[in-house]
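K.L.:
Structure for the following, please:
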Amino acid sequence: TGWDGVWINTGSSNIMVANNTFYNAVQDGVQLSIGTTATLYNNIFLSNGSDGIENASADTVYADYNLFFGNSNDLTDTGGGLIAGGNNLFTDPMLETVTSFTISDPASDAVDNAFDYLGWSGWDGTAWDIGWKESPFSRPTNVHNVTLDQWYWTITNAVAEASNGNLIHVYPGVYNETVA
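P.N.:
Have a look, this model is predicted:
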């Protein structure tokens, strides 16, 4: 918790804020200003003191596939360039605790509703969940034993711990190893 969760004040373009959970900031979950162009996808904005997202003076802010709940205001556009897509959700994300930010109820609207802007697979269900927990960046590794639901840094370790019939999913990347 702090004044703003994230304050982008750079005048930069093509900034992406994706797969985060912004909780209990004194002011805004994300504030954008001074000529910034940004896209915000797959974030949860929960119980922020002022706004979930505030466009203070950015040129263009595109926000879609985000979930808002318990903020004083969800989307505020004092800068005139906020474009809210039609896939934002305004509902309780059903987080188990505010320390783990784990979605506790599979009926949560955050489940399977994220935008796959990277074209990656590997989610549990039909799509990524909104927020940080199931983002492609929160995975500890790129090798997944689907049968055991275990993640590994190397193909070798995944194969060594697998049993006959286990399904191992190897995500795109460079693997400098010999698998026996």
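
K.L.:
Low-confidence stretches in the chain?
P.N.:
Along the chain, the model assigns pLDDT under 70 to residues 1-2, 96-100, 119-124, 133-141, 172-174, 180.

K.L.:
Okay, the most centrally placed residue in it and Val179: tell me how far apart.
P.N.:
Computing the C-alpha centroid of the chain and ranking residues by C-alpha atoms, centre = their mean puts Asn19 first, at 1.2 Å. Here Asn19 is placed at a distance of 30 Å from Val179 (C-beta to C-beta, to the nearest Å). Just so you know, the C-beta spots here come from the backbone N, C-alpha and C atoms, and that holds for glycine as well.

K.L.:
Next: Asp59.
P.N.:
For Asp59, the distance to Val179 - C-beta to C-beta - is 49 Å.

K.L.:
Comparing the two, which shows the higher neighbour count?
P.N.:
Higher neighbour count among Asp59 and Val179: Asp59, with 16 against 11, using other C-beta atoms under 10 Å.

K.L.:
ok, the more buried one touching Ser33?
P.N.:
No - counting by C-beta atoms under 8 Å, Asp59 stays clear of Ser33, with 10.2 Å between them.

K.L.:
So for the two, which residues contact both of them?
P.N.:
Common neighbours of Asp59 and Ser33, using C-beta atoms under 8 Å, 6 or more residues apart in numbering, are Gly79.

K.L.:
re earlier: what about the residue nearest to the centre of the chain, distance to Tyr152?
P.N.:
In terms of C-beta to C-beta, Asn19 sits 21 Å off from Tyr152.

K.L.:
Distance of the nearest residue to Tyr175 once chain neighbours are set aside relative to Gly85?
P.N.:
The shortest distance from Tyr175 to any non-neighbouring residue, by C-beta to C-beta, 6 or more residues apart in numbering, is to Ile155 (5.5 Å). Computed as C-beta to C-beta, the Ile155 to Gly85 distance reads 38 Å.
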